[in-house]
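1. next input, structure requested:
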Amino acid sequence: MGTPQDSVRTRTPSQEIKPGAPQGTDRSEDRDRDTEAGSRRGTVQARTPDRGAGVGAPRGVGGRGRDGSPERRPAFQPVTIRTARDAVTAAALYLGWLGYRDIRRADQRPPSGIGLAARGILAQVDPTVRPASLRDVECLWLTAMTESSDCVFFSLAGYADDARARADTLGVPLFVLDLSGTPQPVNSPADELIAVTG
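-> A predicted model of the protein is given here:
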């Protein structure tokens, strides 16, 4: 029998199974064997929860550098917006930059625009030349409430005045997509979202 490995690797559901790797193994048995092996070497590490632990807390952000100081997030790499699809791509990239993972099309289609979803957050992207309306913001917020998620809105043409006022009241972050593909925060909740995930 081989000697226990110096470190214990845990597999997450998001990891792809390598070609040729054994499949169908019971995960609980794997964990038990890993824990037993690691205990003999003193290398078992406790799992740490996602940053923030609450709903909407993005993953993969808030790390620490070698000196214990917070790691600085790299600069956002935008994609030039020429089409509606580019606008959706820019919003998805920005959500990933904020720390959200597994970004996908939302299960429920919004009344206007395109919906995106990730763990803990629901996003709406309006790539039209019409400013987002009060109804757009309220519908997004209500949908997020039913899914116990946070929400964020991206618009190419900005927002109507009453929509911005309502978003401030509801705490919905609003971003405007400029043609360079960089979302610009237009209200306090958007600034807070960047600060919290930074």
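2. alpha carbons only for contacts and neighbour counts from here, please
-> OK.
3. just the helices in the chain please.
-> Using DSSP state H, the helices of the chain run over 27-41, 84-98, 134-146, 161-170, 188-197.
4. contacting residues around stretch 75-88?
-> With Cα atoms under 8 Å, 6 or more residues apart in numbering as the test, stretch 75-88 has contacts from 89-90, 93-94, 97, 114, 125, 127-128, 156, 177-182.
5. that stretch spans what distance, first to last residue?
-> 19 Å (Cα to Cα, to the nearest Å).
6. between which two of the contacts of stretch 75-88 is the distance greatest?
-> W97 and T128 (23.5 Å; Cα to Cα).
7. so the two - more neighbours on which side?
-> Each of W97 and T128 has its neighbours counted (other Cα atoms under 10 Å); W97 has more, 20 against 16.
8. the closest residue to that one other than its chain neighbours: neighbour count?
-> In space, and not counting its chain neighbours, W97 is closest to F76: 6.5 Å by Cα to Cα, 6 or more residues apart in numbering. If you count neighbours by other Cα under 10 Å, F76 ends up with 14.
9. got phi/psi on F76?
-> Main-chain torsions, F76, degrees, to the nearest 10: phi -70, psi 140.
10. how close does it get to Y94?
-> To Y94, F76 is 7 Å away according to Cα to Cα.
11. next, show the common contact partners of the two.
-> T182.
12. now R164: how far from G171?
-> R164 is 10 Å from G171, by Cα to Cα.
13. which of the contacts of stretch 75-88 are buried? Put it as a PyMOL command.
-> A single PyMOL command is used to select the members of those judged buried by 16 or more other Cα atoms under 10 Å:
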select buried, resi 89+90+93+94+97+114+125+127+128+156+177+178+179+181+182
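14. which of the contacts of stretch 75-88 lies closest to E138?
-> V125 (14.1 Å).
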